[in-house]
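Novice: Build me a model from this:
(one chain, ligands or ions: 1)
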Amino acid sequence: MAKKKLARLSEVIMTEMVLPNDTNTLNNLMGGKLMHWMDVVAAIAAQKHSNRIVVTAAADSISFKHPIALGNVVTLKSRVTRAFNSSMEVFIEVWAEDIPANKKILTHRAFFTFVAVDQNGRPIEVPEVEPSTPEETELFEGALRRRQLRLILSKRMDPKDAVELRSIFDLDKEKE
Ligand SMILES: CC(C)(COP(=O)(O)OP(=O)(O)OC[C@H]1O[C@@H](n2cnc3c(N)ncnc32)[C@H](O)[C@@H]1OP(=O)(O)O)[C@@H](O)C(=O)NCCC(=O)NCCS
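Specialist: Got it, this is the predicted structure:
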């Protein structure tokens, strides 16, 4: 297995159009439909990085600030930010475009976590990620803290062990 792979090699861009069947009674895209597209675009990025079957382990909080209207074109971009042992964090950005009005806005940013598994569904090791731009480096560095937060929230990590996460709040200094 390759020891490291460039982050950009996992990039996926997916384009969809909001059709009547995708909308709520206000003619805006249903949140669940958008989450489905996000899950798919992120899973493909995780597969490209690991060359494995992947399963969704976590989706960080997604807020719905801007409605996406019927007829809008939705572009989703995903990329693996960092890999740990068997898990990978994937960053997703979503844009909604009203082509006749010539307007395109960034509507969502989110992080999903995928785990590479073998044919029996057991977690399996994945290559490390090598960031090569300032944005990829920032995402790579933040990924460790975000992982610690989600492992604490899912009761998989004791907050005491989240050294990098604690350091941003200066919790240890306050006690000195
Ligand atoms: C995800 C899954 C494979 C983890 O299996 P597990 O037996 O808990 O395995 P482990 O404890 O060895 O954890 C494996 C990795 O998952 C990560 N993980 C597990 N739960 C996590 C969570 N809630 N958030 C973030 N990472 C998580 C662990 O940190 C670990 O990462 P690492 O190998 O990079 O250190 C297993 O829980 C599963 O199959 N879940 C269902 C997945 C699924 O069906 N998804 C679709 C949603 S319906």
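Novice: what helix or strand does the residue most central in space within the chain sit in?
Specialist: Per Cα atoms, centre = their mean, the C-alpha nearest to the average position across the chain is that of residue 111, at 2.8 Å. Residue 111 belongs to strand 103-117 when elements are defined using DSSP states H and E.
Novice: And that strand, what's buried?
Specialist: For strand 103-117, a neighbour-count test (16 or more other Cβ atoms under 10 Å) marks 107, 108, 110, 111, 112, 113, 114, 115, 116, 117 as buried. (C-beta placed from N, C-alpha, C; glycine too.)
Novice: quick revisit: which residues pair with the residue nearest to the centre of the chain across the strands?
Specialist: Using DSSP bridges, the beta-bridge partners of residue 111 come out as residue 91.
Novice: That one: what's it in contact with?
Specialist: Contact partners of residue 111, counting by Cβ atoms under 8 Å, 6 or more residues apart in numbering, are 59, 60, 81, 89, 90, 91, 92, 146.
Novice: what's the answer for residue 159, then?
Specialist: With contacts defined as Cβ under 8 Å, 6+ apart, residue 159 is in contact with 152, 165, 166.
Novice: for it, phi and psi?
Specialist: Recorded main-chain torsions at residue 159 are phi -50, psi -30, according to degrees, to the nearest 10.
Novice: Look up how far the ligand lies from it.
Specialist: Counting by Cβ to the nearest ligand atom, to the nearest Å, the gap between residue 159 and the ligand amounts to 15 Å.
Novice: what does residue 118 give?
Specialist: The value you get for residue 118 to the ligand, if Cβ to the nearest ligand atom is used, is 10 Å.
Novice: Do I have it right that that residue meets residue 124?
Specialist: Yes - Residue 118 lies in contact with residue 124 (Cβ atoms under 8 Å); the separation is 4.8 Å.
Novice: Of those two, which one has the most company?
Specialist: In terms of neighbours (other Cβ atoms under 10 Å), residue 124 is the more surrounded of residue 118 and residue 124; the figures are 17 against 11.
Novice: residues in contact with the more buried one?
Specialist: Neighbours of residue 124 in contact, by Cβ under 8 Å, 6+ apart: 52, 86, 116, 117, 118.
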